[in-house]
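Undergrad: Provide a 3D model corresponding to the input given below.
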Amino acid sequence: MYRILSILTFLSFTIAGFAQKTIAIKCGNLFDATTGRLLSAQVVVVKGSTIQSVTPEADFKEKTDTVIDLSAYTVLPGLIDAHTHVLLQQDVTSQEYADQLLKESIPYRTLRAARSAKISLDNGFTTIRDLETEGAMYADVDIKKAINNNIIAGPRMFVSTRAINTVGHYALSPKEYNWELDLPKGIQEINGADEARRAVREQISHGADWIKLYTDRGYYKAADGSYHSYPNFTKEEIAAIADETINSGKKFAAHAMTRDGIIYAINAGVTSIEHGFGMDDECIQLMAQKQVYWCPTIFICDYMAEGREKEGNPMDRLFMQTFPAMFKKALQAGVPIVYGTDIGGYSWDEPQAKDFEYMVKWGMTAGQAIQAATVTGAKLLGKQGELGVVQPNAFADLIAVQGNPLQNITLLQQVKWVMKNGVVYKSVAGR
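TA: So this is what the prediction gives:
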């Protein structure tokens with residue numbers, strides 16, 4: 001018994017020793033997400049899963065267990081993508097979407113989602129907000145659990161499970177298929193305020209961190225050049241969703257393209273507007289006034305335009321004509337803009353950091369664009385000081401690129417090194 005106790009005591013001290021392991025990371029440059037500037041020659045000390053200190057290399061005296069030399073690289077906080085779909089593998093055409101829901105089982109789609117999650121991590125996005133499973137029920141919760149339990153590699157996930165819409169306003173539509181079939185749906189359908197409340201409660205009970213709803217459909221451009229759409233919810237329905245979500249301590253995001261869906265959502269208390277390709281000046285003013293986040297997902301609009309126009313829907317092409325000026329207006333008005341891609345809607349083999357190019361081209365500095373994917377994304381998620389920054393007590397989520405991303409934003413498409421929670425998942429040679 002004495003020998004067993006001795007062995008257990010030794011093992012406990014050994015495990016504790018491993019838990020206290022410290023890593024010094026030498027940074028050629030370090031992006032300060034709070035100021036949007038680069039600091040040269042810094043040393044970041046990581047202890048376990050968190051950052052312990054950040055010190056100029058000239059002043060650094062501490063002894064650590066390991067040293068990672070990234071002195072030839074620029075180190076940044078792990079990036080945040082606030083709009084992804086790990087369970088979707090591109091839906092430029094309606095057929096691509098239907099094939100996934102009709103021909104692929106949820107287990108098969110979940111296996112593919114594991115690959116998507118690893119790609120996101122390798123891309124330098126150590127945190128994602130995954131905004132619905134597109135018919136795969138609660139499989140995003142399983143992916144999140146598998147990552148948290150170290151079964152698969154992937155980013156930190158905030159999930160929204162099924163999303164909510166009213167009956168008949170989302171794919172797959174019975175009018176396009178045999179109406180005798182019980183077709184899978186891309187979302188959870190509701191009718192009336194009571195069903196809306198039930199849907200929110202069900203999704204939260206299954207593990208939803210966020211609630212997502214689709215507030216409009218049928219987008220069109222009017223003769224005066226303004227964009228419009230048809231609202232999906234009655235005021236009572238959307239109010240019930242908002243009330244149930246907020247009273248449960250959660251936030252909700254609204255897919256909304258034009259003022260007809262955006263203003264509904266803002267007045268209901270939405271936290272973020274997704275896409276908003278056709279918003280107008282009143283939307284911008286309200287969002288700035290109420291500090292509603294905008295997740296513009298620019299690249300996907302451009303990416304989808306040609307394919308969807310071939311199917312008879314020119315709206316993405318039309319949106320792209322007015323998108324740059326509208327983005328500049330929102331930026332100047334003080335709308336909090338958060339980085340989000342809608343990847344999954346486009347192929348996971350395409351660059352996840354592509355939106356940065358548009359943001360810089362349309363008026364942001366490179367520093368502001370990176371802040372949209374770091375400190376602003378962290379605020380959206382309620383994780384200020386924990387995510388999107390390199391400072392003591394923040395999670396040890398770090399990435400590195402070769403060169404200066406403030407001079408060349410496309411370098412974020414070439415992330416060379418990734419650490420999440422103090423664990424290196426992607427390494428440059430010898431580091």
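
Undergrad: just checking, residue 406 touches residue 366?
TA: Yes: with contact defined as CB atoms under 8 Å, residue 406 reaches residue 366; the gap is 4.5 Å. (C-beta placed from N, C-alpha, C; glycine too.)

Undergrad: Break the chain into its domains for me.
TA: For the chain, the structural domains run 2-77+390-426, 79-353, going by automatic domain parsing.

Undergrad: first vs last residue of the longest one, how far apart are they?
TA: Translated: domain 79-353. End-to-end distance for domain 79-353, by CA to CA, to the nearest Å: 9 Å.

Undergrad: For it, what is the distance to the chain centroid?
TA: Distance of domain 79-353 from the chain centroid (CA atoms, centre = their mean, to the nearest Å) equals 11 Å.

Undergrad: again, but for the first one
TA: With CA atoms, centre = their mean as the basis, the distance from the averaged C-alpha position of domain 2-77+390-426 to the chain average is 23 Å.

Undergrad: Report the rounded mean pLDDT for it.
TA: For domain 2-77+390-426, mean pLDDT is 89.

Undergrad: now swap in stretch 85-99 and tell me
TA: 97.

Undergrad: CA atoms only: put that stretch into CSV for me.
TA: Coordinates of each C-alpha in stretch 85-99 appear next as CSV, following Å, rounded to 0.1, in the frame of the first residue of the first chain:
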residue,chain,number,x,y,z
HIS,A,85,-20.9,26.3,-41.8
VAL,A,86,-18.6,23.3,-41.1
LEU,A,87,-21.5,20.9,-42.1
LEU,A,88,-21.9,22.5,-45.5
GLN,A,89,-19.6,21.9,-48.5
GLN,A,90,-20.6,24.6,-50.9
ASP,A,91,-24.0,25.5,-52.3
VAL,A,92,-23.5,27.8,-55.2
THR,A,93,-26.3,26.0,-57.0
SER,A,94,-29.6,24.7,-55.5
GLN,A,95,-28.6,21.2,-56.7
GLU,A,96,-25.4,21.2,-54.7
TYR,A,97,-27.4,22.0,-51.6
ALA,A,98,-30.1,19.4,-52.3
ASP,A,99,-27.4,16.7,-53.0
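
Undergrad: which parts of that stretch are buried?
TA: Buried positions in stretch 85-99, judged by neighbour count with 16 or more other CB atoms under 10 Å: 85, 86, 87, 88, 89, 90, 91, 92, 97, 98.

Undergrad: what do you get for stretch 176-191?
TA: Under the neighbour-count criterion of 16+ other CB under 10 Å, stretch 176-191 has 183, 184, 185, 186, 187, 188, 189, 190 buried.

Undergrad: Quick check: which element contains the residue nearest the centre of the chain?
TA: By CA atoms, centre = their mean, the chain has its centre lying nearest to residue 82, at 2.3 Å. Assigned by DSSP states H and E, residue 82 falls within strand 79-84.

Undergrad: for that strand, packing partners?
TA: Secondary structure elements in contact with strand 79-84, counted by 3 or more CB pairs under 8 Å, 6 or more residues apart in numbering; DSSP states H and E, are helix 106-122, strand 125-130, strand 293-295, helix 375-380.

Undergrad: Strand 79-84 and the second one, what's the angle between them?
TA: Orientation note: strand 125-130 sits at an angle of 20 degrees relative to strand 79-84 (axes from the mean of the first three to the mean of the last three CA atoms, to 10 degrees).

Undergrad: contacts for strand 125-130?
TA: Outside strand 125-130, the residues within contact range by CB atoms under 8 Å, 6 or more residues apart in numbering are 78-87, 120, 140, 143, 155-160, 209-210, 253, 340, 352, 373, 377, 380-381, 387-388, 397, 399, 418-420.

Undergrad: Need the winner for burial among the helices and strands packed on strand 79-84.
TA: Greatest average neighbour count among the helices and strands packed on strand 79-84 goes to strand 125-130 (a mean of 29), per mean count of other CB atoms under 10 Å.

Undergrad: Can you give the strand pairings for that one, parallel or anti for each?
TA: Strand pairing for strand 125-130, determined by DSSP bridges: strand 79-84 (parallel), strand 156-159 (parallel).

Undergrad: how about CSV for these, with distance to residue 64 added?
TA: Below are the strands paired with strand 125-130 laid out as CSV (distance: least, CB to CB, whole Å):
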stretch, distance to residue 64
strand 79-84, 25
strand 156-159, 25
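
Undergrad: To residue 46, which of these lies closest?
TA: Proximity to residue 46 (CB to CB) singles out strand 156-159 among the strands paired with strand 125-130, at 15.9 Å.

Undergrad: Restrict that closest one to CA atoms and write it as CSV.
TA: Taking C-alpha atoms only, strand 156-159 is exported to CSV below (Å, rounded to 0.1, in the frame of the first residue of the first chain):
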residue,chain,number,x,y,z
ARG,A,156,-13.0,26.8,-30.5
MET,A,157,-16.7,26.7,-31.6
PHE,A,158,-19.8,28.7,-30.8
VAL,A,159,-22.7,26.9,-32.4
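
Undergrad: phi, psi of the closest residue to residue 266 other than its chain neighbours?
TA: The shortest distance from residue 266 to any non-neighbouring residue, by CB to CB, 6 or more residues apart in numbering, is to residue 286 (5.1 Å). Here is the backbone geometry of residue 286 (degrees, to the nearest 10): phi -70, psi -40.

Undergrad: who touches the residue nearest to the centre of the chain in this structure?
TA: 128, 129, 272, 293, 295, 338, 339, 340, 377, 380, 381.

Undergrad: Of the domains of the chain, flag the one that's most buried.
TA: domain 79-353 comes out most buried of the domains of the chain by mean count of other CB under 10 Å, with a mean of 20.

Undergrad: distance of the residue lying closest to residue 119 once chain neighbours are set aside from residue 294?
TA: Here the nearest residue to residue 119 in space, its sequence neighbours aside, is residue 348; by CB to CB, 6+ apart that works out to 5.1 Å. From residue 348 across to residue 294, the span is 24 Å (CB to CB, to the nearest Å).

Undergrad: returning to what we had before: now the domains of the chain in a markdown table, with distance to residue 362?
TA: What follows is those, written out as a markdown table (distance: least, CB to CB, whole Å):
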| stretch | distance to residue 362 |
| --- | --- |
| domain 2-77+390-426 | 12 |
| domain 79-353 | 5 |
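
Undergrad: what's the closest of the ones you listed to residue 360?
TA: Using CB to CB, the nearest of those to residue 360 is domain 2-77+390-426, at 5.0 Å.

Undergrad: Give me the contacts around stretch 164-182.
TA: By CB under 8 Å, 6+ apart, the list of residues contacting stretch 164-182 from outside reads 94, 97-98, 101-102, 183-191, 196, 199-200, 203, 211-214, 217, 232-233, 237, 241.

Undergrad: okay, the buried residues of stretch 85-99 in TSV with secondary structure and distance to residue 168 next?
TA: Conversion of the buried residues of stretch 85-99 to TSV gives the following (DSSP: H, G, I helix; E, B strand; the rest coil; distance: CB to CB, whole Å):
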residue	secondary structure	distance to residue 168
85	coil	22
86	coil	27
87	coil	23
88	coil	21
89	coil	26
90	coil	25
91	coil	19
92	coil	23
97	helix	17
98	helix	17
